[in-house]
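Asks: this one's sequence-less:
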């Protein structure tokens, strides 16, 4: 096929501060810049309205959560409608008293809420104490239909799991999107930092290859100290990127605030899947043990 089906996409990579209004202002400036550059789909990073609060455990921080629909989704919806773009945001959802999720929201060009995705894989590591705050998602790996395509939205820790990407692809996703907040321990040496970042990039490019789909990844930047002093804090490494269905880089950011723009050819997924028919050759009759925790 020679036909192409280009979609201009944008990613906003930003630092965050303790001030919600400042964070929203930076997000808005990035969204407007992406829209001015022709983007029809804009992806924001994980938990972009606040600092990454999961560096320590405190019940007071649940006050950061909000309902969906709620103030932030309404704000994003108004921007989406004004600019005529689809926006993917990432919010701390208060679903009910004592029940909270790490939730991505998708706002359609008319300002309506097209759908949500609740983060399925929840980490619990030094500096990333998310199990204290977030209940695992219960919506499964279900793409969200929009005017620009069917979006396979996943969140941060989900990006390490090929199963999530595969299930989104099997449900007809046109693109995979990963809002992210990942960084280094400043005490790690340069070699360890490079290994971690390279692994992070590689696994997500592999999802593009294995599923024949474009991948959009938005990460935050900047140093955020741990207010308790229990660990040195996180240096978020940025390096947001857009990859094509063979894992090829289409656009890459560095470690500073940035707005990425790129044209993604959605028809290319069809071509790549014809050349590399991984979905055709899957041995679904032999994969039953994938549902086991461990197999010997």
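Replies: Received the coordinates, thanks. Bear in mind the structure is a predicted one, so any value in this text is a computation, not a measurement. Residues are numbered from 1 along each chain as shown.
Asks: could you pull out the helices for the stretch 101-250 of the chain?
Replies: According to DSSP state H, counting those that start in this stretch, the stretch 101-250 of the chain carries its helices in the segments 130-133, 162-170, 190-211.
Asks: Let me have the ones you listed in a markdown table, extended by distance to residue 102, mean neighbour count and mean pLDDT.
Replies: Every residue, glycine included, has its C-beta placed from N, CA and C. Output for those, formatted as a markdown table (distance: least, C-beta to C-beta, whole Å; neighbours: other C-beta atoms under 10 Å; pLDDT from 0 to 100):
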| stretch | distance to residue 102 | mean neighbour count | mean pLDDT |
| --- | --- | --- | --- |
| helix 130-133 | 7 | 17 | 98 |
| helix 162-170 | 14 | 20 | 98 |
| helix 190-211 | 18 | 16 | 98 |
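Asks: Out of the ones you listed, the one nearest residue 30 is which?
Replies: Among the helices of the stretch 101-250 of the chain, the nearest to residue 30 by C-beta to C-beta is helix 190-211 (20.8 Å).
Asks: For that closest one, report the contacting residues that lie outside it.
Replies: Residues from elsewhere that reach helix 190-211 (C-beta atoms under 8 Å, 6 or more residues apart in numbering): 159-160, 162, 165-166, 168-169, 176, 178, 182, 184, 188, 213-215, 217, 237, 239, 241, 243-247, 278.
Asks: Just the ones in strands from the residues you listed, please.
Replies: Of these, the ones assigned to strands by DSSP state E are 176, 178, 184, 215, 217, 237, 241, 243.
Asks: And the contacts of helix 190-211, which of them are buried?
Replies: 159, 165-166, 168-169, 176, 178, 182, 184, 213-215, 217, 237, 239, 241, 243-247 (16 or more other C-beta atoms under 10 Å).
Asks: how far away is the nearest residue to residue 145 once chain neighbours are set aside from residue 231?
Replies: Nearest residue to residue 145, sequence neighbours excluded (C-beta to C-beta, 6 or more residues apart in numbering): residue 114, at 6.9 Å. As for residue 114, its distance to residue 231 is 38 Å (criterion: C-beta to C-beta, to the nearest Å).
Asks: Same question for residue 107.
Replies: Counting by C-beta to C-beta - residue 107 and residue 231 are separated by 35 Å.
Asks: the more surrounded of the two?
Replies: residue 107 (26 against 15; other C-beta atoms under 10 Å).
Asks: which residue sits closest to that one in space, ignoring its chain neighbours?
Replies: Counting by C-beta to C-beta, 6+ apart, the residue nearest residue 107 is residue 80, at 4.1 Å.
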